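> predicted structure and sequence below. I'll ask about it afterward.
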Amino acid sequence: MTPVLFIPRLRYKERRRLENHLHRTRDARHADRLRAVLWSEQGQSTTQMARLLGKHSTTVQRWLHDYLRFGVRGLQPGRSPGRPRLLDADGEECLRQAVLTQPRDLGYRFTRWSAAMLAEHLHRAVHVRVSPFTVCRALHRLRFSYKRPKLSLRHRQNRRAVRWAAAQREAALKKGTGTPTGTSSSLKTSASSISIPA
């Protein structure tokens, strides 16, 4: 036996919104779903509504469940609202603030953010557990590009030593690229000693 599901008392604005959608919609399936929510709030059972709408009671139960989970957008027929985002507006704002702040300023011991560390920061700050992949998608929505940093030690190099090494390399290349003495003859000898089967 399926559990009885009722829509709790609606706020005035929400009820008006549902009624406006009901008056504007031209889709009979959408109208049935809107009526079911309004009737349920008035105390009608799913069995009564199913009889009035010519549907099965489990179908009406599903409509009410979709409304409770996703709101009015969950009543759109043929369009699954999908799973709600794990990161809501507060979580995305926390992520944006973190990306614009140096990790050391927030008490961390590292200097560059990674997706995994941002996910850990969100868990500490807003108590939401998300994967690094979810963090990357949220960064994309926030118009940030996530790339691995290209670390360079050029700033730590001795410029004089780098110039000297470059000059030595050029000098070595100018001396010639011919083969050393005896290399070609030894190759010929070794090639002639190989016997090829007939």
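Received the coordinates, thanks. Numbering: from 1, shown residues only.
> which helix of the chain spans the most residues?
Using DSSP state H, we find that the single longest helix of the chain is helix 159-174.
> so how far is that helix from its chain's centroid?
Mean C-alpha position of helix 159-174 versus that of the full chain (Cα atoms, centre = their mean, to the nearest Å) differs by 48 Å.
> tell me the domain ranges of this structure?
12-75, 89-141 (automatic domain parsing).
> export those to CSV and tack on mean pLDDT, mean neighbour count and distance to Lys147?
The C-beta positions use only the backbone N, C-alpha and C, and glycine is treated the same way. Shown next, in CSV, are the domains of the chain (pLDDT from 0 to 100; neighbours: other Cβ atoms under 10 Å; distance: least, Cβ to Cβ, whole Å):
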stretch, mean pLDDT, mean neighbour count, distance to Lys147
domain 12-75, 88, 16, 34
domain 89-141, 91, 15, 10
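> in JSON lines, list these along with distance to Arg169.
Converted to JSON lines, the domains of the chain look like this (distance: least, Cβ to Cβ, whole Å):
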{"stretch": "domain 12-75", "distance to Arg169": "65"}
{"stretch": "domain 89-141", "distance to Arg169": "33"}
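> right, so of the ones you listed, which gets closest to Gln168?
Between Gln168 and the domains of the chain, the tightest spacing by Cβ to Cβ is seen for domain 89-141, at 35.1 Å.
> residue nearest the centroid of this structure?
Computing the C-alpha centroid of the chain and ranking residues by Cα atoms, centre = their mean puts Arg137 first, at 2.5 Å.
> which strand or helix spans that residue?
If you go by DSSP states H and E, Arg137 is part of helix 132-141.
> so what touches that helix?
Outside of helix 132-141, the residues within contact range by Cβ atoms under 8 Å, 6 or more residues apart in numbering are 86-87, 91-92, 95, 99, 114-116, 118-119, 122, 130, 145-146.
> ends of stretch 106-123, what's the gap?
Start-to-end span of stretch 106-123 (Cα to Cα, to the nearest Å) is 14 Å.
> correction: stretch 46-66
Stretch 46-66 has its terminal residues 14 Å apart, counting by Cα to Cα.
> could you do stretch 73-84 as well?
Terminal residues of stretch 73-84 lie 12 Å apart, using Cα to Cα.
> now Arg159: how far from Trp63?
Going from Arg159 to Trp63 by Cβ to Cβ, to the nearest Å gives 72 Å.
> sorry, slip of the keys, the one I care about is Ser145.
Computed with Cβ to Cβ, the distance linking Ser145 and Trp63 is 41 Å.
> again, but for Leu18
To Trp63, Leu18 is 12 Å away according to Cβ to Cβ.
> with Ala119 instead?
Ala119 is 35 Å from Trp63, by Cβ to Cβ.
> what do you get for Asp32?
For Asp32, the distance to Trp63 (Cβ to Cβ) stands at 8 Å.
> Arg24 too?
The gap separating Arg24 from Trp63 is 18 Å, by Cβ to Cβ.
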